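Quick one, what's the 3D model for this:
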Amino acid sequence: MQQPEKALVIGAGSFVGRELLRLLDMHPNFHLKGAVSSTFAGQKIAAVYTELEGLTVNAFSSSEEWDWRQLEKGKWTLFCALAHGR
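Numbers count the residues shown, from 1 in each chain. Okay, here's the model as predicted:
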């Protein structure tokens, strides 16, 4: 069986970002490893979106806080859900 790919959602605080978090958390081929949001950085995901309690990633990170060196290890899929014009 194939190992799930690591997934990172950039713009995770947006409506589309929230849906990506929800879908990726239950998808068998992805392992959610990060949720980047400048708006909600440092906040618990479940405090912002109560319906997402229990995600494998429990807090939003800012783009400055996220350790981008992690992307050098293994295969990653990045999902971009930034607002228009950002």
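
Just the buried positions in the longest helix anywhere in the chain, please.
Counting residues, the longest helix in the chain under DSSP state H turns out to be helix 15-26. Of the residues in helix 15-26, those buried under the neighbour-count criterion (16 or more other Cβ atoms under 10 Å) are 17, 18, 20, 21, 24, 25. Glycine gets a C-beta too; all of them are placed from N, C-alpha and C.

could you show me where the strands are in the chain, in order?
Using DSSP state E, the strands of the chain run over residues 5-10, 30-36, 76-80.

Serialize those strands to TSV and add fields for distance to residue 56, mean neighbour count and mean pLDDT.
Shown next, in TSV, are the strands of the chain (distance: least, Cβ to Cβ, whole Å; neighbours: other Cβ atoms under 10 Å; pLDDT from 0 to 100):
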stretch	distance to residue 56	mean neighbour count	mean pLDDT
strand 5-10	10	21	96
strand 30-36	5	22	95
strand 76-80	15	14	97
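
gap between the nearest residue to residue 7 once chain neighbours are set aside and residue 77?
Nearest residue to residue 7, sequence neighbours excluded (Cβ to Cβ, 6 or more residues apart in numbering): residue 30, at 4.4 Å. Between residue 30 and residue 77 the computed distance is 7 Å (Cβ to Cβ, to the nearest Å).

give me the low-pLDDT residue ranges for the chain?
Within the chain, the ranges that satisfy pLDDT under 70 run 1, 85-86.

most centrally placed residue in it?
Taking Cα atoms, centre = their mean, the centroid of the chain lies closest to residue 35, which sits 2.7 Å from it.

quick one: contacts for it?
Taking Cβ atoms under 8 Å, 6 or more residues apart in numbering as the criterion, residue 35 is in contact with 8, 9, 12, 17, 21, 45, 55, 57, 59, 60, 61.

Alright, I will stop here.
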